[in-house]
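**Q** here is the input, now give the coordinates:
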Amino acid sequence: MTQEKANKQVIWKIDIFRLTGFHAEIQNDYDKTIWNKIVGKDSETANYQRQGKQFLYQEEGDLVDKKLSIAQAPERLDIVFTPREEELRDTEKFRKFPSIGIFPDSVTKFTAIIDKFFEKVNPDFERIALGLVLNFNVESEKDGYKYLSKFIPTLKLDNVTDLIYQINRPKNSEKFNTITINRLSKWAIAKRSSRASSGIRVGKNEDSFACRLDLDINTKSDTKLKSQEMQTKILKELIDHAKNIALNGDVS
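**A** The predicted model follows:
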C-alpha cells in the first residue's frame, strides 16, 4: 500500500475541535455577553468559580447539533466543540468512536462560528491555538499500525505496540514574517471497549480500534498577533497546516 493510496482511503473524523486564545492582558473577570453574541440565546448551563484573582467561567449548550463549550479564565479563552451527551451514550456510536463530523469537510461550520466570535467580540488575543483530535476507524490494532507507517515513514512499525509518536515542526507563517507557527502532532492507536452505562460488557470481542491524531497548531509564545485581521488570517493558516498533516502525515 503506497502512502498516496493510504491517504485516499483514510476518512478522518473529528472528535474534538478547539480554539484557544491567549489574552494580551490578564482579564480581571469574565465577559457574560460572549455566549449570547455567538449563539443568539442563553447557554443551557453556566458555572462560575473564583479563588482570589483566578477564575473559571464555563458555559455549555448545543449548537449545530454538537456540544459547544466556552470557558473563560484570566489568561485564556477556549471555544470547544465535542459530541453531544446522547451521542456518547449510544453504544453503537461508542464502538465506532463518536465524532462531530468529517475532517476537513465539517471544519467550515465550526470556523464560521469562530469568525462570528472574532467579529462580535473583537478579543485581545496575542496568541491563538487550534486543537483537533481526529480518529480513523481500523479493523484491528495491527491494521492501525500499517496505516500509521504510511503517515510516519521514518519509523518502522512492524511488531510494535503502545506507540505514541509526538513531534513539533515549527514553521514561519506564510502571511506574516514575524509569526512562527508550532505544528505539534501526536500519533497513536486508540482502543475502546463496548460497555453499557452500567459497566456490563456488550457482546463479545467488541473492542474497536482507530488511528488517532492529536494536533496542536499554534502561534509561538514569543510572537504576537497585533490585530483582528491577523487573528483571522492566522487561524486559516493553522487550519491549512492541520489539513496538510492529516493528509500527508509527519511533514517537514
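
**Q** so which residues of the chain form helices?
**A** Taking DSSP state H to define them, one finds helices in the chain at 3-9, 34-39, 85-89, 91-95, 107-121, 141-151, 228-248.

**Q** which one of those helices lies closest to residue 181?
**A** helix 228-248 (6.5 Å; Cβ to Cβ). All C-beta spots, glycine's among them, are computed from the backbone N, C-alpha and C.

**Q** elements contacting that closest one?
**A** helix 3-9, helix 107-121, strand 125-138, strand 180-192, strand 208-219 (3 or more Cβ pairs under 8 Å, 6 or more residues apart in numbering; DSSP states H and E).

**Q** and the angle from the last one to strand 125-138?
**A** Relative orientation of strand 208-219 with respect to strand 125-138: 160 degrees, computed using axes from the mean of the first three to the mean of the last three Cα atoms, to 10 degrees.

**Q** send the alpha carbons of strand 208-219 over as PDB?
**A** Presented in PDB, the C-alpha positions along strand 208-219 are these (Å, rounded to 0.1, in the frame of the first residue of the first chain):
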ATOM      1  CA  SER A 208     -12.700  -1.300  18.400                       C
ATOM      2  CA  PHE A 209      -9.600   0.500  17.200                       C
ATOM      3  CA  ALA A 210      -8.700   3.700  15.400                       C
ATOM      4  CA  CYS A 211      -5.700   5.600  14.300                       C
ATOM      5  CA  ARG A 212      -5.600   8.800  16.400                       C
ATOM      6  CA  LEU A 213      -4.100  12.100  15.500                       C
ATOM      7  CA  ASP A 214      -3.900  14.900  18.100                       C
ATOM      8  CA  LEU A 215      -3.000  18.300  16.600                       C
ATOM      9  CA  ASP A 216      -2.000  21.500  18.400                       C
ATOM     10  CA  ILE A 217      -1.200  24.100  15.800                       C
ATOM     11  CA  ASN A 218      -0.400  27.400  17.500                       C
ATOM     12  CA  THR A 219       1.500  30.600  17.300                       C
END
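
**Q** could you list the paired strands of it along with their orientation?
**A** Using DSSP bridges, the strands paired with strand 208-219 are strand 125-138 (antiparallel), strand 180-192 (antiparallel).

**Q** tell me which of the helices and strands packed on helix 228-248 lies nearest to residue 52.
**A** Taking the helices and strands packed on helix 228-248 one by one with Cβ to Cβ, strand 125-138 is closest: 23.6 Å.

**Q** residues of that closest one that come out buried?
**A** Buried residues in strand 125-138, defined by neighbour count with 16 or more other Cβ atoms under 10 Å: 125-138.

**Q** what is the nearest of those to residue 16?
**A** If you rank the buried residues of strand 125-138 by distance to residue 16 using Cβ to Cβ, residue 133 comes first, at 4.1 Å.

**Q** partner residues bridging the closest one?
**A** residue 16, residue 214.

**Q** I figured it hits residue 13, correct?
**A** No - Residue 133 is not in contact with residue 13 according to Cβ atoms under 8 Å; the separation is 9.7 Å.
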